[in-house]
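> the following block contains a protein sequence and its predicted model.
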Amino acid sequence: MELDDLKEKYDRMQKKYGDKSLDSIYFGGCIDNPQICFVFMNPTGRNVASSKSWKGIKAPWIGTKNIWDLFYSLSLIDKEVYEEIKSKSGSKWNEEFAKVVYDNVTKYGIYITNLGKCTQIDARVLPDSVFQKYLSYLEKEIEIINPKVIILFGNQVSSIFLKEKISVSQVRKQQFIKKIKGKEYRCYSVYYPVGNGRFNIDKSIEDIKWIIDNINYYKSYYHSPLGTIVMQSNGNSLIGLYFNSSKFLNDDESFIVDDSLEVFKTTREWLDKYFNGENPCIDDIPIKLNCSSFSLDVYSILKKIPYGKTMTYKDIANEISLKTLKKMSSQAVGQAVSHNPISIIIPCHRVVGIKGLTGYAAGLDIKEKLLEIEKR
């Protein structure tokens, strides 16, 4: 399936869920591995491209002004194009100028779309059930264009796309992972910047600037006595430390090899000490964890397990239960431990079952050897 095939589906859905006097609005911008995919809610009749007489591209926000303040503030559109947008009323946009704008959007490697493509006559709120009808098609869009990062605007869009209840105020600058056909996509939820959300535009800009600053991921390799270890970073902090044999290692082409990062130098020094039988301090490494609050609770306990000692999954579950006053299962703890993104430094290898050693993402033999190193 290609993007043009999706347009035909969106046209049919417009007749069912949109205003019948208007056309569906599709998407626009860079369609070949964009840096960022921006996902808004749904179009309205203020978009002049929704007119049935419009013969040009039918992309979001054509003929509007306020949203382009956001893109200009993020340096994602040229000053000359922005100034011309601000000087024009919606009725003054024509097909040629719309193409100029979206050629400029493409230049900056961004892709703009809506979750729902059904154009409404006004900015009415659509029920979740309508957006749900479009979800699989948006996922197909993303599969085709393959963006590096997805930015979701507002609680409703974020909740439906990520399939969990999202409140933007609670998850600012927090990364979510969305899997589509086995591929992982990095997602962030930000405040809706226009309409009733206009008063939050500064927060949207702040968060998106932070996301852009952290958009690139880097990697380097450490050759340990137990095999190759992949170090991963956002440029400032360590975000991944995996044995090459780990079943949860994501080592695809999106990671840029850079051996010069300071965080990698510090991590190499830490690992040198560890494999020489020393007990280096965990706090020496700047670590950034993108995970649930429950996983963070588990990892904070792992950090406290003394060098050369072990702790059971049940012990960890009991400790969390005391803190939260909620019953916690060893299985839930096991899931969090097995997905620990910072092996060795956050010592998940020190967690064992009641009856002895249990699984390890990089292999039980490596877990055994790590524990042997700490017994020397």
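Thanks, I have it.
> strands along the stretch 1-150 of the chain, start to end?
Here the stretch 1-150 of the chain has its strands, by DSSP state E, counting those that start in this stretch, at 27-29, 36-40, 110-114, 149-153.
> in TSV, list these along with mean pLDDT and distance to Val194.
C-betas here are computed from N, CA, C, even on glycine. Putting the strands of the stretch 1-150 of the chain into TSV (pLDDT from 0 to 100; distance: least, Cβ to Cβ, whole Å) gives the following:
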stretch	mean pLDDT	distance to Val194
strand 27-29	97	17
strand 36-40	97	9
strand 110-114	97	12
strand 149-153	97	9
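> Tyr218 pairs with what?
Beta-bridge pairing of Tyr218 under DSSP bridges involves Ser233, Ile256.
> ok so, going back, so which of the strands of the stretch 1-150 of the chain comes closest to Asn196?
strand 149-153 (12.2 Å; Cβ to Cβ).
> re the thing from before, kindly reformat the strands of the stretch 1-150 of the chain as TSV containing mean neighbour count and distance to Glu253.
As requested, the strands of the stretch 1-150 of the chain are exported to TSV (neighbours: other Cβ atoms under 10 Å; distance: least, Cβ to Cβ, whole Å):
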stretch	mean neighbour count	distance to Glu253
strand 27-29	25	22
strand 36-40	24	18
strand 110-114	24	19
strand 149-153	24	15
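> among those, which is nearest Lys163?
strand 149-153 (11.9 Å).
> circling back: got the strands of the stretch 1-150 of the chain as TSV, with distance to Leu226 columns?
Putting these into TSV (distance: least, Cβ to Cβ, whole Å) gives the following:
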stretch	distance to Leu226
strand 27-29	45
strand 36-40	38
strand 110-114	42
strand 149-153	33
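> and the ones you listed: which comes nearest Met13?
Smallest distance to Met13 across the strands of the stretch 1-150 of the chain (Cβ to Cβ): 12.0 Å, for strand 110-114.
> for the stretch 101-250 of the chain, which segments count as helices?
Using DSSP state H, counting those that start in this stretch, the helices of the stretch 101-250 of the chain run over 128-145, 155-162, 201-213.
> looking at those, which has the lowest confidence?
Per-stretch mean pLDDT for the helices of the stretch 101-250 of the chain is lowest at helix 201-213 (a mean of 93).
> show me what it is packed against.
Counting contacts by 3 or more Cβ pairs under 8 Å, 6 or more residues apart in numbering; DSSP states H and E, helix 201-213 packs against helix 66-73, strand 149-153, strand 183-190.
> most tightly surrounded among those?
Among the helices and strands packed on helix 201-213, ranked by average contacts under mean count of other Cβ atoms under 10 Å, first place goes to strand 149-153 (a mean of 24).
> gap between that strand and the chain center?
7 Å (Cα atoms, centre = their mean, to the nearest Å).
> in its sheet, what does it sit against?
Its sheet considered, strand 149-153 pairs with strand 36-40 (parallel), strand 183-190 (parallel) by DSSP bridges.
> run through who's touching the first one.
Residues lying outside strand 36-40 but in contact with it, judged by Cβ atoms under 8 Å, 6 or more residues apart in numbering, are 60, 109-115, 138, 142, 145, 147-153, 157, 161, 192, 211-212, 215.
> quick one on the thing from earlier: and the helices and strands packed on helix 201-213 as a markdown table, adding distance to Ala49?
A markdown table is the format used below for the helices and strands packed on helix 201-213 (distance: least, Cβ to Cβ, whole Å):
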| stretch | distance to Ala49 |
| --- | --- |
| helix 66-73 | 14 |
| strand 149-153 | 19 |
| strand 183-190 | 25 |
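> tell me the phi and psi of the nearest residue to Lys16 once chain neighbours are set aside?
In space, and not counting its chain neighbours, Lys16 is closest to Cys118: 7.9 Å by Cβ to Cβ, 6 or more residues apart in numbering. Per-residue torsions, Cys118: phi -80, psi 110 (degrees, to the nearest 10).
> and Cys118, how close does it get to Ile112?
Between Cys118 and Ile112 the distance is 17 Å, computed by Cβ to Cβ, to the nearest Å.
> what of Lys369?
Going from Lys369 to Ile112 by Cβ to Cβ gives 50 Å.
> for Lys7, same thing?
15 Å.
> over to Asn340?
Counting by Cβ to Cβ, the separation of Asn340 from Ile112 is 36 Å.
> for Tyr217, grab the count of nearby residues.
19 (other Cβ atoms under 10 Å).
> go ahead and confirm it touches Leu238.
No: Tyr217 is beyond contact range of Leu238, at 11.4 Å (criterion: Cβ atoms under 8 Å).
> any residues in contact with both of those two?
Gln232.
> count of neighbours near the residue nearest to Lys16?
23.
> quickly note the distance from it to Ala361.
Applying Cβ to Cβ to Cys118 and Ala361 gives a distance of 43 Å.
> try Ser233
Ser233 is 20 Å from Ala361, by Cβ to Cβ.
> looking at these two, which one has more neighbours?
Set side by side, Ser233 and Ala361 show more neighbours around Ser233, with 26 against 21, by other Cβ under 10 Å.
> next one: that one from Thr310, what distance?
Applying Cβ to Cβ to Ser233 and Thr310 gives a distance of 29 Å.
> can you check Lys65 too?
According to Cβ to Cβ, Lys65 stands 62 Å off from Thr310.
> can I get the strands paired with strand 149-153 in a markdown table with distance to Ile287?
Shown next, in a markdown table, are these (distance: least, Cβ to Cβ, whole Å):
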| stretch | distance to Ile287 |
| --- | --- |
| strand 36-40 | 25 |
| strand 183-190 | 18 |
